[in-house]
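sharing a model prediction with you, sequence too.
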Amino acid sequence: MSEGDLEVGRGVVIPEAEIREAASRSSGPGGQHVNKSNTRVTLRWNVADTEALSPAERARLMRRLDTRITLAGELVVHAQAHRQRSRNRELARERLAELVREGLATRRQRVATRPSRASKRRVLAEKRRRAALKRQRGRPGADD
């Protein structure tokens, strides 16, 4: 692992050579500085062709992040919150790592359970109580 590689976690490391970085002008306020400084950072990582993931991990990431991945198979991340390009680069790398981490996370299988007898009794008792309350709200009948 070289210095510029991005460590995502769980043994996944994105090589620096696979991440393309571009700088452009940020939007928003900033006075004269914003008109001449390329501080916005855009990172592009080709998920479809990466060697950092196994085929199963790649398929899972492509499926989970399908709305964020371009037709060319690239995951694109922008950062422009700071005035310094270096801080935006770090922010973009953190966002990329977080997206990949969340996309690769395996969700625990849900174990089907049944309501207990006591909980069923409580639900029915509450229904009876509400029904009685609503019956009291009605107009008095002829026998009242």
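Sure, I can see it. Numbering: from 1, shown residues only.

and S119, what element?
Using DSSP states H and E, S119 falls within helix 117-136.

pLDDT averaged over that helix - what is it?
For helix 117-136, mean pLDDT is 96.

ok, and what's touching that helix?
Helix 117-136 is contacted by residues P115 when judged by C-beta atoms under 8 Å, 6 or more residues apart in numbering. To be clear about C-beta, it is placed using only N, CA and C from the backbone, and glycine gets the same treatment.

how far does it sit from its chain's centre?
40 Å (C-alpha atoms, centre = their mean, to the nearest Å).

same deal with stretch 69-80?
Taking mean C-alpha positions (C-alpha atoms, centre = their mean), stretch 69-80 and its chain are 14 Å apart.

endpoints of that stretch, how far apart?
20 Å (C-alpha to C-alpha, to the nearest Å).

other SSEs contacting the helix or strand of the chain with the lowest mean pLDDT?
Least confident helix or strand of the chain, by mean pLDDT, DSSP states H and E, is strand 6-9 with a mean of 82. On a contact count with 3 or more C-beta pairs under 8 Å, 6 or more residues apart in numbering; DSSP states H and E, strand 6-9 meets strand 12-14, helix 85-104.

distance of the residue nearest to A81 when sequence neighbours are not counted relative to L43?
Nearest residue to A81, sequence neighbours excluded (C-beta to C-beta, 6 or more residues apart in numbering): L91, at 6.0 Å. Look at L91 and L43: by C-beta to C-beta, to the nearest Å, they are 10 Å apart.

give me the more crowded residue out of those two.
L43 (21 against 17; other C-beta atoms under 10 Å).

can you list the weak-confidence ranges in the protein?
1-2, 28-35, 141-144 (pLDDT under 70).

how far away is L75 from R108?
25 Å.

those two: which is more packed in?
L75 (22 against 5).

does the residue lying closest to T70 once chain neighbours are set aside belong to a helix, a strand or coil?
Closest residue to T70 apart from its sequence neighbours, by C-beta to C-beta, 6+ apart: V76 at 6.4 Å. What DSSP: H, G, I helix; E, B strand; the rest coil gives for V76 is strand.
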